[in-house]
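Participant: Sequence first, predicted model second:
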Amino acid sequence: MIDYGEFFGILAALLAVFIYLPQLILILKTKQTRDISLLFLILILLCNISWALNGYFENSLSRLFSGIIIIIMTLPMLYFKLKNNN
């Protein structure tokens, strides 16, 4: 039997990755983060740490892995934002 909750959780995680991927690629290419808010990046990081912890404690692999993937994708953006201070 299909667990529809996990199915849609995985679908949401994949869509979230596709949302961040173009921005991450652009930042890695140009090293420019001028148009991205530092507060936005910090809130995204905190939000996804919370989702990953929620997924861990609730035994939801989709929430856990989506949180971890977005954290991994957010860290380089935050790094370039802080490094270039632009």
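Facilitator: In hand now; what should we look at?

Participant: Could you report the neighbour count for M73?
Facilitator: Neighbours of M73 under the rule other Cβ atoms under 10 Å: 18. In short, each C-beta sits where N, CA and C put it, glycine included.

Participant: so what does the helix or strand encompassing it touch, helix or strand wise?
Facilitator: Using DSSP states H and E, M73 maps to helix 61-84. Other elements packing on helix 61-84 under the criterion 3 or more Cβ pairs under 8 Å, 6 or more residues apart in numbering; DSSP states H and E are helix 4-30, helix 38-57.

Participant: Could you report the pLDDT at the nearest residue to I36 once chain neighbours are set aside?
Facilitator: Nearest residue to I36, sequence neighbours excluded (Cβ to Cβ, 6 or more residues apart in numbering): K81, at 6.3 Å. pLDDT recorded at K81 is 92.

Participant: Same check on N86?
Facilitator: 58.

Participant: Check F8 too.
Facilitator: Confidence score, pLDDT, at F8: 88.
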